[in-house]
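# Any chance you can model this:
(one chain, ligands or ions: 2)
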Amino acid sequence: MGSQGSGEGGGCSRKPRFLCLHGFRTSGEIMRKQVGKWPESVLGKLDMVYLDGPFPAEGKSDVDGIFDPPYYEWFQFNQEFSAYTNFDECLEYIEDYMIKQGPFDGLVGFSQGAILSAGLPGLQAKGVALTKVPKIKFLIIIGGAKFKSPEVAEDAYSSPIQCPSLHFLGEMDFLKPYGLELLEHCVDASVIHHPKGHTVPRLDEKGLDTMMNFIDKIQNILAEKDQPIIKKLRKLRKLKKLKFCQENKLCSQAQSQLQSNVVIGTQNQNNDTCPLPNPIWAFLQPVLSPAIHAFCSNPSSAAGVGSVGAVPSMQNPEDISYLTQREAAEIDEILMGPLGFSVDQLMELAGLSVATSIAEVYKPSEYNRVLVICGPGNNGGDGLVAARHLYHFGYKLSVCYPKRTAKPLYAGLVTQLESLSVPFISVDDLPLDLSKDFDIIVDAMFGFSFHGSPRPPFDNLIQKLVCVNKYDQTREKSSVIVSVDIPSGWHVEGDGGVEGIKPDMLVSLTAPKLCAKKFFGPHHFLGGRFVPPSIADKYKLRLPPYPGTSMCVRIGRPPQVDISALRENYISPEFLEEQVEADPFDQFRKWFDDVVAAGLREPNAMALSTATKNGKMYTNYESQKAHELSENPRASLLFYWDGLNRQVRVEGSVQKVSDEESDQYFHSRPRGSQIGAIVSKQSTVVPGRHVLYDQYKELEEKFSDGSLIPKPKNWGGYRLKPELFEFWQGQQSRLHDRLRYSPEEINGQQVWKIERLAP
Ligand SMILES: NC(=O)C1=CN([C@@H]2O[C@H](COP(=O)(O)OP(=O)(O)OC[C@H]3O[C@@H](n4cnc5c(N)ncnc54)[C@H](OP(=O)(O)O)[C@@H]3O)[C@@H](O)[C@H]2O)[C@@H](O)CC1
Ligand SMILES: [K+]
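Ligands and ions are numbered 1, 2, ... in the order given. Okay, here's the model as predicted:
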């Protein structure tokens, strides 16, 4: 387990921000995919921004047929690579982007992007490029080389590259000799050797270690650099007037005050020249906002954990409390002693929290096969409870519980699982490679009472989990490890060392233990929503408030989501032409009944799309609807029923219903909705919510005698006469069902033709 500068020293835990420069005639999107082979344990620690080169490819791309266009290039060159075209434009383009979207800490480059990245620090030092942005502090060079243009090289390599750099050298890469030349020019270089050619390689075990060490190193450097800023922030947080600020108005004043103070502070303290307050502010915001909120909440309000020293937006893990082993055990004793809880109660809530945290991140449609490994103590009990809840959430469960505890509580939990036919697997029967058979492995072996080194059979089980991390390097979709309260084998106040397990998710219970500071996986959750204010007070707990009725809350920011990779692998029943109703109205009714039976919210919610005369479609721009319908009385309705992976689209012509019908419907609605319709002059600008609220209150008072609320003149209904239906059902591997019903005349009779459309 590596360490991060943030940890106990109270440094900065922000992710290093890298601008990624892609290879010749590829694109930012392609590089994102190439780098996407690296595990989450790496990507989760870096903030990577992928930029397209400034010039569309002027010729054929080497990745044509492998990755989709468009392709871009950074600059052009002659056959000998000794003279460049558009090079200055390229430098300006990158600088401009860094000004607008920065600040960036470093550059990651592949191929042409790597040559460029490795040359930029030298050009910057010479004042030839990137003069208006902070100094480049780190480099990751994949398949790189030096510039061959003598003029450019003269500036770029007039002195050695001082910043820490990580170089990928491929055994089969035609650029390897040139990569070695570049390496000699770098004074603080680490190297990842790989057997492949000119490519962004996966990380093998050794490569991963080197990468993790590099990340540790740069995080430490950043933490040191940011230390003055953090100190400044702490000082600012102590400003007395902020402490007493309780009103929103005051808050925003305080925020802007804080903002301007911080920007000045940053410029004074940091050696990097950055004349741009906005980007600096953008980078500081994650550190600042929790503090601002915390000061604005009323410290005397009391309502559970969230209230005592609560931080409403807990985006900075540095601000929350961590417990020592002794404190965790003490809280345990108080809860089950004077506070009257039973162990079963707490275990049930803890296990439920673990299950809901898992379900929040890993959907059963994608991560279905779960193995829960339970230890001999209460941590193991939490695992048994979580297994039961996960079963009911739709996962396929298996449990490994090698050292069963004879107490009735545990026997009961086992019986409950057996009654659900959940298999119990012995250690010997577990497969060698757990990641082959399981998508999620829940580590519920040891919690806060762990001490010493793991004894058999848990030593081997922990080793198996360590191997899961390693196997996962080579797989597209990896299995994930979720640790309950503490990653097993880690010291409660320390970490698991280099050879310890590295969970993807940690669900801390009651409050995180000190070791959680060393957890750098992508998902840290808190569960155990039962801590009364007396405990929160006594231990000065600062914990994030649980949202709504949730049993869990995330600590820190969620990892960045690659929108292009968001894709549900739907699992749905068959939907075949032979099975469907001949009449689309009957088929619609059938699906609608399923939705109602499944208890989905608002089954009749739909999106109405209208079209203007020129055929342009709009959705949900309510104020435009009537106008558009008068221009073109055609529309389509879309019903989307998420829980069932289904949607229905209905197209047709639209007509106004009679005033009488509108009136009747208006008065069938709840009186609150009737008043709401009067209050809302839809889509007009309102000065504030209070205006609507005041008008609402006034009308509520006016009609409090139960008298008829008149329908506003401009309120009415439309009816769509269906002329085409399309039923869609999500299926695995994007092979969705789409059945279209369109009218057809056969022998003078109007019938519905049913056709299957390609997904
Ligand atoms: N109060 C709370 O806030 C709540 C706490 N909850 C949960 O309880 C957890 C704490 O439970 P816990 O105290 O039972 O201890 P836990 O860590 O499960 O294991 C102890 C067992 O492991 C054994 N063992 C120890 N070291 C070992 C080694 N090196 N190698 C092998 N074995 C070793 C030890 O045996 P011993 O060494 O004592 O012989 C004993 O049998 C906590 O983390 C949370 O998950 C929630 O349920 C509800 C709210
Ligand atoms: K555990």
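# mind checking the SS state of whichever residue of the stretch 201-350 of the chain sits closest to ligand 2?
Among the residues of the stretch 201-350 of the chain, Ala350 lies nearest to ligand 2; the distance is 11.3 Å by CB to the ion. C-beta: built from backbone N, CA, C; applies to glycine. The assignment at Ala350 comes out as helix when based on DSSP: H, G, I helix; E, B strand; the rest coil.
# what about it, how many neighbours?
29 (other CB atoms under 10 Å).
# ok, for the residue of the stretch 251-400 of the chain found nearest ligand 2, nearest residue in space, not its chain neighbours?
Across the stretch 251-400 of the chain, the shortest distance to ligand 2 (CB to the ion) belongs to Asn379, at 5.1 Å. Nearest residue to Asn379 in three dimensions, chain neighbours excluded: Gly447, at 3.3 Å (CB to CB, 6 or more residues apart in numbering).
# doesn't Asp382 make contact with that neighbour?
Yes. Contact between Gly447 and Asp382 holds when scored by CB atoms under 8 Å: they sit 7.4 Å apart.
# What separation do you get for the nearest residue to Pro317 once chain neighbours are set aside and ligand 2?
In this structure, Pro317 finds its nearest non-sequential neighbour in Gly556, 4.6 Å apart by CB to CB, 6+ apart. Distance, Gly556 to ligand 2, by CB to the ion, to the nearest Å: 19 Å.
# likewise Gly23?
Taking CB to the ion, one finds Gly23 at 43 Å from ligand 2.
# got the phi/psi numbers for that residue?
phi -80, psi 170 (degrees, to the nearest 10).
# so it makes contact with Met31?
Yes. Between Gly23 and Met31 there is a contact under CB under 8 Å: 7.2 Å.
# what residues are shared contacts of these two?
In terms of CB atoms under 8 Å, 6 or more residues apart in numbering, Gly23 and Met31 are both contacted by the residues Phe110, Gly113.
# So which bits of the stretch 301-450 of the chain are right by ligand 1?
Residues of the stretch 301-450 of the chain lying close to ligand 1 (CB under 6 Å from any ligand atom) are 331-332, 335, 346-347, 350, 375-379, 381-382, 446-450.
# burial count for Met212?
Quick note: Met212 (other CB under 10 Å) scores 19 neighbours.
# now for the helix or strand that contains Phe585, which elements pack on it?
If you go by DSSP states H and E, Phe585 is part of helix 584-597. Packing partners of helix 584-597 (3 or more CB pairs under 8 Å, 6 or more residues apart in numbering; DSSP states H and E): strand 646-656, strand 718-729.
# Show me how the protein divides into domains.
As given by automatic domain parsing, the domain ranges for the chain are 2-257, 319-557, 577-667+711-756, 669-709.
# mind checking the SS state of the residue of the stretch 251-400 of the chain closest to ligand 2?
When the rule is three-state DSSP, Asn379 gets the label helix.
# Tell me who's in contact with whichever residue of the stretch 551-700 of the chain sits closest to ligand 1.
Closest contact between the stretch 551-700 of the chain and ligand 1, by CB to the nearest ligand atom, is at Met551 (12.6 Å). By CB under 8 Å, 6+ apart, the contact set of Met551 is Leu349, Leu352, Ser353, Thr356, Ser357, Gly527, Arg529.
# quick one: it from Glu348, how far?
From Met551 over to Glu348 the distance is 11 Å, taken as CB to CB, to the nearest Å.
# same question, Ser733
On the measure of CB to CB, Ser733 and Glu348 end up 38 Å apart.
# of the two, who's got more company?
A direct count of neighbours by other CB under 10 Å for Ser733 and Glu348 places Glu348 higher, at 18 against 8.
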